[in-house]
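> Okay, predicted coordinates and the sequence, questions at the end:
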Amino acid sequence: MLKRRRNLISDINVVPYIDVMLVLLVIFMVAAPLMVQGISINLPEVSSDALPVEKSEPLIISIRSDGSFFLEIDATRNKSLNLEEISQEIAKILKANKDMQVVIRGDGEVKYESVMLLMSQLQQLGSKNIGLITKPPKTN
């Protein structure tokens, strides 16, 4: 009996990889809008210039309309803090990086006094780069 030599196919079948990639793409497209960062706050609408872009991400402090403070870092995310607690956390962060930009996200209904107390505390802690986050006005 004659043995026929069988030719091996050395092609890689990429169809399963494409299927997996498309499924992951759909999952990320659906999940991305659901990943809302931070505390739900109704920012005031003001026309202003954008803050200059820094090398690192800024430290974000949110203030709700009831005056509760939120520090947007992994350790304290979604945890309401009073002014003393937030000062202690910020002091630790500023000790490591004195030039870190600090931005305040204040609800449009928050008391002016709360914002000023926080800004005063930030200045006492040595923060030199403080900004306020607003929402651009709707154009019709």
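Cool, the structure landed.

> Just after the longest helix anywhere in the chain, pick out the following helix or strand.
Longest helix of the chain, by residue count under DSSP state H: helix 15-31. Stepping forward along the backbone from helix 15-31, the first helix or strand reached (DSSP states H and E) is strand 59-63.

> List the neighbouring strands of that next one plus their orientation.
Taking DSSP bridges as the criterion, strand 59-63 pairs within the sheet with strand 69-71 (antiparallel), strand 102-106 (parallel).

> mean confidence for the first one?
Looking at strand 69-71 alone, the average pLDDT works out to 89.

> Downstream of that strand, the next helix or strand is which one?
Counting by DSSP H and E, the element after strand 69-71 in chain order, helix or strand, is strand 80-81.

> can you list the weak-confidence ranges in the chain?
Within the chain, the ranges that satisfy pLDDT under 70 run 1-3, 35-44, 48-55, 140.

> ok, so what distance separates residue 29 from residue 23?
To residue 23, residue 29 is 11 Å away according to Cβ to Cβ, to the nearest Å. All C-beta spots, glycine's among them, are computed from the backbone N, C-alpha and C.

> And for residue 70?
If you measure residue 70 against residue 23 using Cβ to Cβ, the figure is 35 Å.

> Between the two, which has more neighbouring residues?
The residue with more neighbours, out of residue 70 and residue 23, is residue 70; 21 against 10, by other Cβ atoms under 10 Å.
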